[in-house]
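Trainee: Let's see this in three dimensions:
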Amino acid sequence: MMKKLYDELSHQVSKSTTEKYSTSFSLGILALHPSIRPAIYAIYGYVRLADEIVDSFHGFDRATLLRRFKEQTHQALEEGISFNPIIQSFQQTVHSYGIDQKLIGQFLKSMEMDLQPVDFNRERYQEYILGSAEVVGLMCLHVFVEGDKAAHETLRPYAMKLGSVFQKVNFLRDLQEDYRILGRNYFPDVDMAVFDDHIKSAIEQEIEGEFREALIGIKMLPLCSRFGVYLAYSYYLSLFKKIQVTPAKHMLKERIRISNRKKLSLMMTSYFQYKMAIS
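Mentor: Sure, this is the predicted structure:
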């Protein structure tokens with residue numbers, strides 16, 4: 001009985017972490033079937049905690065903290081228990097849904113890349129996108145198909161594309177903070193000192209194609225996850241459209257946002273768009 005209480009607490013901590021950091025993902029998760037929500041909260045809570053270590057814990061030894069986080073993860077996966085509630089809920093999800101542990105290693109490798117400024121060429125850019133976003137999409141896909149390996153293999157390229165497009169929209173949204181504050185430039189062969197509308201448009205064209213490809217996979221998802229994923233997709237598409245009409249010179253001065261009111265409106269209207277787009 002006592003272990004059950006701890007497991008419930010662990011999942012609640014992951015849920016609270018998701019709600020605290022991301023209104024958009026929280027709304028999307030609410031549209032998933034209740035049976036799979038805890039697992040998606042667990043995945044988001046885990047990747048959010050790692051991201052916070054490298055992005056927010058300035059003034060601390062972030063390399064040591066991330067190394068400790070990595071060690072605690074491997075120990076929890078091996079022993080099936082962790083004193084860290086977020087890692088506890090994550091390791092349970094990994095074991096319950098048969099998530100490939102190589103995906104976790106790839107994710108943590110990308111987090112390590114954020115510890116120091118990196119000159120992103122095309123190869124490093126693809127490596128970072130793979131580890132920071134595409135593998136997270138694949139972790140979630142294990143949950144969405146509820147362990148069905150054949151379905152996972154079929155949907156694998158689309159899940160990776162969805163993770164990729166979300167990440168690239170995040171890069172544009174966070175351009176001001178990443179470049180001005182954290183000293184990062186993820187886009188390869190782009191000199192941020194001369195970032196203009198022409199460069200921005202070229203990046204957006206690549207993202208537009210990935211949105212189209214990702215939607216194909218969403219249409220193939222099981223009913224338990226389809227609308228929830230489509231809702232997150234709709235939010236990011238709305239954010240992307242706002243970015244498209246924002247001049248490049250403003251991108252380095254302000255973070256592009258969708259208000260919570262707009263997010264709630266999207267949730268209300270997306271169901272009808274979903275019925276039309278998915279049917």
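
Trainee: low-confidence ranges in the protein?
Mentor: 1, 260, 262-279 (pLDDT under 70).

Trainee: If we use 80, what do you get?
Mentor: Where the chain drops to pLDDT under 80, the residues are 1-2, 117-119, 180-181, 183, 257-279.

Trainee: Centre-most residue in it?
Mentor: residue 133 (5.5 Å; CA atoms, centre = their mean).

Trainee: give me every residue that touches it.
Mentor: 163-164, 166-167 (CB atoms under 8 Å, 6 or more residues apart in numbering). The C-beta positions use only the backbone N, C-alpha and C, and glycine is treated the same way.

Trainee: 10 Å - rerun?
Mentor: The contact partners of residue 133, taken as CB atoms under 10 Å, 6 or more residues apart in numbering, are 47, 107, 110, 160, 162-168, 170-171.

Trainee: what do you get for residue 143?
Mentor: With contact taken as CB under 10 Å, 6+ apart, residue 143 is in contact with 32, 35-40, 42-43, 93, 96-97, 99, 224-225.

Trainee: Helices - which of those land there?
Mentor: Among the contacts of residue 143, the residues falling in helices (DSSP state H) are 37-40, 42-43, 93, 96-97, 224-225.

Trainee: What ranges does this protein have for its helices?
Mentor: 2-21, 23-30, 37-56, 62-79, 85-97, 101-113, 122-129, 135-144, 149-173, 175-176, 197-218, 223-244, 248-251, 260-278.

Trainee: Which elements pack onto the first one?
Mentor: Counting by 3 or more CB pairs under 10 Å, 6 or more residues apart in numbering; DSSP states H and E, the packing neighbours recorded for helix 2-21 are helix 23-30, helix 37-56, helix 85-97.

Trainee: just the fifth one next, same as before
Mentor: Contacts defined by 3+ CB pairs under 10 Å, 6+ apart place helix 85-97 against helix 2-21, helix 37-56, helix 62-79, helix 101-113, helix 135-144.

Trainee: Apply 8 Å and report the result again.
Mentor: In terms of contacts (3 or more CB pairs under 8 Å, 6 or more residues apart in numbering; DSSP states H and E), helix 85-97 is packed against helix 2-21, helix 37-56, helix 62-79, helix 135-144.

Trainee: what angle sits between that helix and helix 62-79?
Mentor: 40 degrees (axes from the mean of the first three to the mean of the last three CA atoms, to 10 degrees).

Trainee: For helix 85-97, give me every contacting residue.
Mentor: 6-7, 9-11, 13-14, 17, 38-39, 41-43, 45-46, 49, 69, 72-73, 76-77, 80-82, 99, 101, 104, 142-143, 146-147.

Trainee: From the chain's centroid, how far away is it?
Mentor: Centroid separation for helix 85-97 versus its chain: 17 Å, with CA atoms, centre = their mean, to the nearest Å.

Trainee: Of all the residues in that helix, which ones are buried?
Mentor: The neighbour-count check on helix 85-97 (16 or more other CB atoms under 10 Å) flags 85-94, 97 as buried.

Trainee: now do the longest one
Mentor: Going by neighbour count (16+ other CB under 10 Å), the buried part of helix 149-173 is 151-152, 155, 158-173.

Trainee: Now render the buried residues of helix 85-97 as JSON lines, adding distance to residue 194.
Mentor: Formatted as JSON lines, these follow (distance: CB to CB, whole Å):
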{"residue": "85", "distance to residue 194": "46"}
{"residue": "86", "distance to residue 194": "41"}
{"residue": "87", "distance to residue 194": "43"}
{"residue": "88", "distance to residue 194": "47"}
{"residue": "89", "distance to residue 194": "45"}
{"residue": "90", "distance to residue 194": "41"}
{"residue": "91", "distance to residue 194": "46"}
{"residue": "92", "distance to residue 194": "48"}
{"residue": "93", "distance to residue 194": "44"}
{"residue": "94", "distance to residue 194": "44"}
{"residue": "97", "distance to residue 194": "46"}
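
Trainee: how close does residue 251 sit to residue 149?
Mentor: Going from residue 251 to residue 149 by CB to CB, to the nearest Å gives 41 Å.

Trainee: Then residue 47?
Mentor: Distance, residue 47 to residue 149, using CB to CB: 23 Å.
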